[in-house]
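Chemist: Model the following, please.
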Amino acid sequence: MMQRILLACLVLGLWSPISLAAARKPNVLLICVDDLRPELNCYGVDYIQSPNIDRLAAKGRVFTRHYVQAPTCGASRFTLLTGRYGGTNNGALFQRASKLKSNKDAVPPSMPAWFRQHGYTTVSVGKVSHHPGGRGGRDWDDDAQPEMPHSWDRHLLPAGAWQHPRGWMHGLANGEIRMKAGDMDVLQALEGPDSIYPDGVAVDEALKQLDQLAADGDKPFFLAVGILRPHLPFGAPAKYLKPYLDAKLPPTPHPGKPAGKTTWHGSGEFMKYNRWGKNPNSDAEFALKVRRYYAACVTYADAQVGRVMAQLKKSGAADNTIVVLWGDHGWHLGEHAVWGKHTLFEESLRSPLIVVHPGIKQPGQSSRAIVETLDVFPTLCDLAGLPMPKFAQGVSLRPMLNDPSRKGHPAVSYKGGAQTVRTDSHRLILHGNGFAELYDHTSRARETKNVADAQPAVVKELSAWLQTRMGK
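Modeler: Next up, the predicted model:
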């Protein structure tokens, strides 16, 4: 219909060059998946069933070495949504909102605000910023406490049976809300449709919003859809667990607790749930069970991606839409004896990034370039033809989208008390007291042996680079 209207307006001379240019701007569909490590078939994990994300990957560019800025949800999403380095905790976006309130001109616009300023309708559904629906307050539903002021035309989270966004965030089947983590099972798989778990109801709303946005041919849209699973607790409809009950999973690499000073932790977020007295670090059968349930949650999340992509195609907007699928950080499944994120090891920091855009060259080819979440904002501006935000601290990934063999750049990440830089050959972790961990990725030991004492020149070089990059 829109094409016919455009054609008629052109024939009648009613369409100005300015409005025609606006009509041709590509839409943006940003899909954020929580706690998703590269546990996908398109990333070479052959026992995982992820057909929808795999189809998306076949149309675009898979970045196999994408690293987030922080191994925690809120801080990682801060960088995605602002294009800048930020705080290290889950309150990073609320802290930014507080600064905006006191001095709006001192804070650069967010990514959705930038697109909004340039003629886009911006909508968020699900967990895109740290709080699903993007509000503060006791139950995360207080309109007076926006997490990202001036950013979204609509910032939505239908909580369904989970009552409110806080309940939805840690919900299990049929409206079960986490009151006390120790009373909530860490694993669950009940019979029923997708809607018995939180993502089902949120994605229903995302489909409605997508239809509404696609029907408005006057403005391009920026739609962000946040998928909760595989976030803890690991709960998904039973049909997604069944393929893994008898699946053969590969052994967990380097499952031992690392020696010496590292960013290792005791998996507190995982361990606080009801585990029936079992510890996956000492119970191999339970560890395997946890991995199977995580896989089920990945396939459930993949099904939600499939629903969104099917609706995009049905809407008629697919051919003029840039699609980005992004994981907010990785997740240890027993590597280094960790079950969770929050470390500065590879497993916490490496996550999926897939970019699809009209006219991409060599679709389906993977890129081994090291890239960062910091690069998503400038990349989307570049692909959409928007002015490049000078305040964004990353770079456009268009060179890798045009040529998957192009090299990348070092990736910086951080958490409280430590920073890290990942290069093609090494990872340096520099602690606040000056202690250094150096891991040589050209060796078989990789991140199981600290070689800082054996390679002091590399430590010195990377430390200087890191301190310069972070403005110290």
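Chemist: ok, how many other residues are close to residue 369?
Modeler: Residues near residue 369, counting by other Cβ atoms under 10 Å, number 22. Using the backbone N, CA and C atoms, a C-beta is placed for each residue, glycine as well.
Chemist: so where does it fall, helix or strand?
Modeler: Using DSSP states H and E, residue 369 maps to strand 366-372.
Chemist: Give the pairing partners of that strand; include direction for each.
Modeler: Within its sheet, strand 366-372 is paired with strand 61-67 (parallel), according to DSSP bridges.
Chemist: Moving C-terminal from the strand it pairs with, which element do we reach first?
Modeler: Downstream of strand 61-67, the first helix or strand assigned by DSSP H and E is helix 73-82.
Chemist: How far does that following helix sit from its chain's centre?
Modeler: 9 Å (Cα atoms, centre = their mean, to the nearest Å).
Chemist: who does it touch, helix- and strand-wise?
Modeler: Counting contacts by 3 or more Cβ pairs under 8 Å, 6 or more residues apart in numbering; DSSP states H and E, helix 73-82 packs against helix 92-102, helix 111-117, helix 376-384.
Chemist: ok, so what distance separates residue 215 from residue 31?
Modeler: For residue 215, the distance to residue 31 equals 21 Å [Cβ to Cβ, to the nearest Å].
Chemist: Same check on residue 422?
Modeler: Distance, residue 422 to residue 31, using Cβ to Cβ: 24 Å.
Chemist: bridging residues for residue 420?
Modeler: As for beta bridges, residue 420 partners with residue 413, residue 429 under DSSP bridges.
Chemist: circling back: what does the strand holding residue 369 contact?
Modeler: The contact list for strand 366-372 (Cβ atoms under 8 Å, 6 or more residues apart in numbering) reads 61-69, 353, 394, 397, 400, 404-412, 422-424.
Chemist: Kindly write the PyMOL command that selects the buried subset of those residues.
Modeler: Per 16 or more other Cβ atoms under 10 Å, the buried members of these correspond to this PyMOL selection:
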select buried, resi 61+62+63+64+65+66+67+68+69+353+394+397+400+404+408+410+411+412+422+423
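Chemist: Assign a three-state SS to the residue lying closest to residue 71 once chain neighbours are set aside, would you?
Modeler: Spatial nearest neighbour of residue 71, chain neighbours left out: residue 348 (3.8 Å); criterion: Cβ to Cβ, 6 or more residues apart in numbering. Under DSSP: H, G, I helix; E, B strand; the rest coil, residue 348 falls in the helix class.
Chemist: cool, residue 254 as well?
Modeler: Under three-state DSSP, residue 254 falls in the coil class.
Chemist: ok, for it, nearest residue in space, not its chain neighbours?
Modeler: Spatial nearest neighbour of residue 254, excluding adjacent residues (Cβ to Cβ, 6+ apart): residue 448 at 4.9 Å.
Chemist: ok so, going back, which one of the helices and strands packed on helix 73-82 lies nearest to residue 232?
Modeler: Shortest distance between residue 232 and those, using Cβ to Cβ, is found for helix 92-102: 20.2 Å.
Chemist: helices or strands next to the closest one in the packing?
Modeler: Counting contacts by 3+ Cβ pairs under 8 Å, 6+ apart, helix 92-102 is packed against helix 73-82, strand 142-146.
Chemist: quick check: mean pLDDT across the helix or strand following the shortest one?
Modeler: For strand 142-146, the following helix or strand on the C-terminal side (DSSP H and E) is strand 154-156. If you average the pLDDT over strand 154-156, you get 98.
Chemist: Show me what counts as buried in strand 154-156.
Modeler: Buried residues in strand 154-156, counting neighbours by 16+ other Cβ under 10 Å, are found at 155, 156.
Chemist: what packs against the helix or strand following that strand?
Modeler: Sequence-wise, the next helix or strand downstream of strand 154-156 (DSSP H and E) is helix 165-169. With contacts taken as 3+ Cβ pairs under 8 Å, 6+ apart, helix 165-169 sits against helix 198-215.
Chemist: now the helix it packs on, how far from the chain's geometric center?
Modeler: Mean-position distance between helix 198-215 and its chain equals 19 Å (Cα atoms, centre = their mean).
Chemist: name the helices or strands packed onto it?
Modeler: Using 3+ Cβ pairs under 8 Å, 6+ apart, helix 198-215 is in contact with strand 27-33, strand 121-126, strand 154-156, helix 165-169, strand 221-227, helix 284-315.
Chemist: again, only using 7 Å
Modeler: Judged by 3 or more Cβ pairs under 7 Å, 6 or more residues apart in numbering; DSSP states H and E, the packing partners of helix 198-215 are strand 121-126, strand 221-227, helix 284-315.
Chemist: so where's the protein uncertain?
Modeler: Residue ranges of the chain with pLDDT under 70: 1-23, 472.
Chemist: Could you list the domains of it?
Modeler: Domain segmentation of the chain under automatic domain parsing yields 27-409, 417-472.
Chemist: So which of the ones you listed is the most surrounded?
Modeler: The highest average neighbour count among the domains of the chain, using mean count of other Cβ atoms under 10 Å, belongs to domain 27-409 at a mean of 20.
Chemist: What's the end-to-end length of it?
Modeler: Start to finish, the residues bounding domain 27-409 are 28 Å apart (Cα to Cα, to the nearest Å).
Chemist: thinking again about what came up before, which of the helices and strands packed on helix 198-215 sits closest to residue 105?
Modeler: Closest among the helices and strands packed on helix 198-215, using Cβ to Cβ: strand 121-126, at 20.8 Å.
Chemist: List the contacts of residue 150.
Modeler: Counting by Cβ atoms under 7 Å, 6 or more residues apart in numbering, residue 150 makes contact with residue 113.
Chemist: Same check on the one 4 residues further on?
Modeler: With contacts defined as Cβ under 7 Å, 6+ apart, residue 154 is in contact with residue 123.
Chemist: re earlier: using the three-state scheme, assign the residue nearest to residue 254.
Modeler: Per three-state DSSP, residue 448 ends up coil.
Chemist: Stretch 297-307: how far from the chain's middle?
Modeler: Offset of stretch 297-307 from its chain centre (Cα atoms, centre = their mean): 14 Å.
Chemist: just stretch 377-388 next, same as before
Modeler: Mean-position distance between stretch 377-388 and its chain equals 19 Å (Cα atoms, centre = their mean).
Chemist: which other residues reach stretch 215-224?
Modeler: Under Cβ under 7 Å, 6+ apart, the answer for stretch 215-224 is 2, 5, 23, 25-30, 32, 112, 115, 119-124, 128, 209-210, 213.
Chemist: again with stretch 391-404
Modeler: With contacts defined as Cβ under 7 Å, 6+ apart, stretch 391-404 is touched by 61, 83-85, 108, 355, 357, 360-362, 365-367, 369, 371-372, 374-375, 377-379, 382-383, 406, 408.
Chemist: same thing with stretch 110-118?
Modeler: The set of residues external to stretch 110-118 that reach it, using Cβ under 7 Å, 6+ apart, is 28, 81-83, 109, 122, 148, 150-153, 222, 377, 386, 389.
Chemist: Just the CA coordinates for stretch 98-110, please, in CSV.
Modeler: What follows is stretch 98-110, C-alpha atoms only, in CSV (Å, rounded to 0.1, in the frame of the first residue of the first chain):
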residue,chain,number,x,y,z
SER,A,98,19.3,11.8,37.7
LYS,A,99,22.0,13.9,35.9
LEU,A,100,19.6,14.7,33.1
LYS,A,101,17.1,16.0,35.6
SER,A,102,19.6,18.4,37.2
ASN,A,103,21.3,19.5,34.0
LYS,A,104,19.8,18.3,30.7
ASP,A,105,22.4,20.0,28.5
ALA,A,106,25.3,18.2,30.3
VAL,A,107,24.2,14.7,29.2
PRO,A,108,24.3,13.6,25.5
PRO,A,109,21.1,12.1,24.1
SER,A,110,20.6,8.4,24.2
